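Chemist: How does the following fold in three dimensions:
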Amino acid sequence: MLDMENTKSMSIIVTKGSLDWAYPPFILGTTAAAMDIEVTMFFTFYGLALLKKDLDLKMTTLGNPAMEMPMGGMHMKMPNMVSMIPGVDRAATTMMKNLMAKKGVASIEDLREAAVESDVRIIACQMTLDLFEYSKDTLIDGVELGGAATYMEVASKSHINLFI
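Modeler: Below is the predicted model:
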């Protein structure tokens, strides 16, 4: 494993599986790995969906009062009430994906691939896999299975621990 006396390390618990919540753990994880920090990402509950081979990520507009989208030189806020209208999540997702492509932001698939290529240790929560009746076959290659004890072993030795 790693020599904790000389190697910095970071662990990230990933609990959310929406498009907007997928970016922080993958950006932080791949950035840390590029800085020679040993990274472990533990995917549990809805975050486990980010490890599926086939992604269909959507924005979470409900309960996100800080959401603003640049439009016509201004910033449009998304009132919570609008989130109840059918199709708003899909429209917000399309707008965000278009904005990210326009600004050159890497896709989650690209960031996830970069994490694997950077030797980020990716752990899928076995309990969550069983709970949601996912099969390991539905997950990307390079994922190991583990539970809370696996994560706690890593986290107890990590310099940085994040919950996202």
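Chemist: Run through the helices of this structure in chain order.
Modeler: 19-34, 88-103, 108-117, 126-131, 148-155 (DSSP state H).
Chemist: pLDDT of the shortest one, averaged?
Modeler: When you say that, I think you mean helix 126-131. Throughout helix 126-131, pLDDT has a mean value of 96.
Chemist: what packs against that helix?
Modeler: strand 143-146 (3 or more C-beta pairs under 8 Å, 6 or more residues apart in numbering; DSSP states H and E). Glycine gets a C-beta too; all of them are placed from N, C-alpha and C.
Chemist: Report the distance from the strand it packs on to the chain centre.
Modeler: Between the centre of strand 143-146 and the centre of its chain there are 16 Å (C-alpha atoms, centre = their mean, to the nearest Å).
Chemist: Same check on stretch 45-63?
Modeler: 8 Å.
Chemist: same question, stretch 103-123
Modeler: 10 Å.
Chemist: what comes up buried for it?
Modeler: By neighbour count, with 16 or more other C-beta atoms under 10 Å as the criterion, the buried positions of stretch 103-123 are 107, 108, 111, 112, 113, 114, 115, 120, 121, 122, 123.
Chemist: Just give the closest residue to the most centrally placed residue in the chain, not the sequence neighbours.
Modeler: In the chain, the centroid-proximal residue (C-alpha atoms, centre = their mean) is residue 22; its distance is 3.1 Å. Leaving aside its sequence neighbours, residue 22 sits nearest to residue 108 (C-beta to C-beta, 6 or more residues apart in numbering; 4.8 Å).
Chemist: Would you confirm that the one you found contacts residue 58?
Modeler: No: if you go by C-beta atoms under 8 Å, residue 108 and residue 58 don't touch, sitting 11.7 Å apart.
Chemist: which residues do the two both contact?
Modeler: Both residue 108 and residue 58 are contacted by residue 19, under the criterion C-beta atoms under 8 Å, 6 or more residues apart in numbering.
Chemist: Looking at the buried residues of stretch 103-123, which one is closest to residue 88?
Modeler: Distance to residue 88, by C-beta to C-beta, is smallest for residue 108 among the buried residues of stretch 103-123, at 21.0 Å.
Chemist: pLDDT score for the closest one?
Modeler: pLDDT, residue 108: 95.
Chemist: Alright, calling it a day.
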